[in-house]
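>>> build the 3D model from these lines:
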Amino acid sequence: MAPTLRSSRKVATASLIGTTIEWYDFFIFGTAAALVFGQVFFPSVDPLAGTLASFGAFAVGFIARPVGGAVFAHFGDKIGRKPMLVYSLLLMGAATVGMGLLPGYDSLGIWAPILLVTLRFLQGFGVGGEWGGAALMAVEHAPEHRRGFYGSWPQVGVPLGLVMGTATFAVLSAVLSDEQFLSWGWRVPFLASVALIGVGMWIRLGVHESPVFQQTMDARTANRMPVLEALRTYPKQIALAAGSFLATNSTFYVGSVWLVTYATQELAYDRTTILTANAFLSLSDIPMILAFGLLSDRLGRRPLFLAGMGLLALFAVPYFWLVSTGSVWLFVLGGLVVQACRSAVYGPQSAFFAEQFSTRMRYSGASLAYQIASILGGIAPLLCTALVAWTGSLYAVAGYVAFIALVSMGCSYLMAETLRSGLRDDTGVPATRG
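Residues are numbered from 1 along each chain as shown. You can find the predicted model right below:
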């Protein structure tokens, strides 16, 4: 039975709300790492080393993401997409609340940063299984001619989660003194996750399993070791898909995490102003992601990937020049252009990645590609800090952004267009159903 618009919208909405909550949990760590973790958990080192240590802890979550992605993908391709979405949400929520309750270095000494890094690893492990399940539920429930559009709904969870997290920190930063914010204010966004996880669980338990995957289970064609089989069957597709996402993922964390620190510490931007500007930029991302997802159902997936990455490579130097002016309006202007470049990739990504793989290995193939790229994305704040410390120039970061944009553009060029081929069945050929 072909998916109906009603069922497609229900599943896409559930995926959107669930991913918003999970990414909220994941991103508030990045904001806290930029603003307070260096002082709370790494106070015995000098400010630069504390910032590097804090961003190092942030990067641990990205190292864990491929591990979580592989584990969740294994079971997602064996027992179903829906159970994995429930488990990933529970794990993420428990780790986030644990961070909000964790005493600082002054109380626990060396155990404080050790436990922080452990909880961050669990966060990364949980979010590693999130994207593949949410994206595939939306795409596999979607009508054939709207996979790009409905697949973009869970993608919106990223900017929405960032808006929620950044806005929460911006409000706390505005109403609390520096002493209050450092003492207890930063914990509020982490503890608020309890209520959000409850909402997410209620919504996710109410959706049905993917009909495309259910057909595979009914036919008893699920693979015993889907992750290994995906690596053997689709090594080229996984590598190219990961490369195509590299710049989109990396520049997201350059703007949302590293620039928060650099702009406030080196360029004299007001902390609350930068947090508010980032919240606005993330909010503007939402209609762009949906629009590019819809556009990909007409023009194709690959042309949008190529256009977005080509423009990003050209705009890298002008972007950082705008940032360096000290004007928040030019900061926002540059950010809007970069957001558009990333949205051209992120909007159609769920459909493009899902269409590369057969049903019984789709969770594994798509998740591995996404999370491999995320490792390099997660270390981007650390790399940017080191590049500026080494060269003394913001334009070293511009060169880094231009380079990875060209890498992603090249990988996108080598990927096959999938708009007309549809989702692949378990023989690896285009399926006839949406």
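>>> and the helix or strand where Val227 lies, which residues are buried?
Taking DSSP states H and E as the definition, Val227 sits inside helix 226-233. The neighbour-count check on helix 226-233 (16 or more other CB atoms under 10 Å) flags Pro226, Val227, Glu229, Ala230, Leu231, Thr233 as buried. Every residue, glycine included, has its C-beta placed from N, CA and C.
>>> do the same with stretch 313-325
Those would be Ala313, Phe315, Ala316, Tyr319, Phe320, Leu322, Val323, Ser324, for stretch 313-325 by 16+ other CB under 10 Å.
>>> for stretch 186-194, same thing?
Trp186, Arg187, Val188, Pro189, Phe190, Ala192, Ser193.
>>> count of neighbours near the closest residue to Gly93 other than its chain neighbours?
Leaving aside its sequence neighbours, Gly93 sits nearest to Ile197 (CB to CB, 6 or more residues apart in numbering; 3.4 Å). The local packing of Ile197 (other CB atoms under 10 Å) involves 21 other residues.
>>> ditto for the one 3 residues further on
The number of residues packed around Gly200, counting by other CB under 10 Å, is 26.
>>> once you drop chain neighbours, what's closest to Arg146?
In space, Arg146 comes closest to Asp297 once its chain neighbours are excluded; the distance is 6.0 Å by CB to CB, 6+ apart.
>>> show me the contacts for that neighbour.
His145, Arg146, Arg147, Gly148, Phe149, Ala351, Leu419 (CB atoms under 8 Å, 6 or more residues apart in numbering).
>>> in helices, which of those residues fall?
Judged by DSSP state H, helices contain the following of these: Arg147, Gly148, Phe149, Ala351.
>>> and the helix or strand following the helix holding Val227, C-alpha only, in CSV?
Toward the C-terminus, helix 226-233 is succeeded by helix 235-253 as the next helix or strand (DSSP H and E). Coordinates of the C-alpha atoms in helix 235-253 are reproduced here as CSV (Å, rounded to 0.1, in the frame of the first residue of the first chain):
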residue,chain,number,x,y,z
PRO,A,235,32.2,1.3,0.1
LYS,A,236,32.2,3.9,-2.7
GLN,A,237,28.8,5.3,-2.0
ILE,A,238,29.5,5.6,1.8
ALA,A,239,32.8,7.3,1.2
LEU,A,240,31.4,9.8,-1.4
ALA,A,241,28.3,10.5,0.7
ALA,A,242,30.5,11.2,3.8
GLY,A,243,32.7,13.5,1.7
SER,A,244,29.7,15.4,0.3
PHE,A,245,28.6,16.2,3.8
LEU,A,246,32.0,17.1,5.2
ALA,A,247,31.9,20.9,4.6
THR,A,248,28.2,21.3,5.5
ASN,A,249,28.8,19.6,8.9
SER,A,250,32.1,21.2,9.6
THR,A,251,31.1,24.8,8.9
PHE,A,252,28.0,24.4,11.0
TYR,A,253,30.2,23.9,14.1
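>>> mean confidence for helix 235-253?
Throughout helix 235-253, pLDDT has a mean value of 93.
>>> next one: stretch 299-314
Average pLDDT, stretch 299-314: 96.
>>> same check, this time on stretch 64-75
Averaged over stretch 64-75, pLDDT sits at 83.
>>> on that earlier part again, between the contacts of Asp297, which is closest to Phe41?
Phe41 has its nearest neighbour among the contacts of Asp297 in Ala351, at 40.0 Å by CB to CB.
>>> thinking again about what came up before, could you dump the buried residues of stretch 313-325 to TSV with secondary structure and distance to Tyr395?
Below are the buried residues of stretch 313-325 laid out as TSV (DSSP: H, G, I helix; E, B strand; the rest coil; distance: CB to CB, whole Å):
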residue	secondary structure	distance to Tyr395
Ala313	helix	14
Phe315	helix	13
Ala316	helix	9
Tyr319	helix	11
Phe320	helix	6
Leu322	helix	12
Val323	helix	11
Ser324	helix	9
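>>> what is the nearest of those to Leu172?
Among those, and counting by CB to CB, the member closest to Leu172 is Val323, at 24.5 Å.
>>> contacts only, for that closest one.
Counted by CB under 8 Å, 6+ apart, Val323 has contacts Leu259, Ala263, Leu267, Leu330, Phe331, Gly334, Leu394.
>>> inside helices: which ones of the residues you listed?
Applying DSSP H to the contacts of Val323, the entries found in helices are Leu259, Ala263, Leu330, Phe331, Gly334.
>>> how many other residues sit next to Leu299?
When counting by other CB under 10 Å, one arrives at 14 neighbours for Leu299.
>>> what about it, distance to Gly347?
To Gly347, Leu299 is 11 Å away according to CB to CB, to the nearest Å.
>>> give me the pLDDT value at Ala219.
55.
>>> next one: Pro189
pLDDT at Pro189 comes out at 90.
>>> which SS class is it?
State at Pro189, reduced to three classes by DSSP: H, G, I helix; E, B strand; the rest coil: helix.
>>> counting neighbours, which bits of whichever helix or strand Ile21 is part of end up buried?
Assigned by DSSP H and E, Ile21 belongs to helix 5-32. Going by neighbour count (16+ other CB under 10 Å), the buried part of helix 5-32 is 7-8, 10-32.
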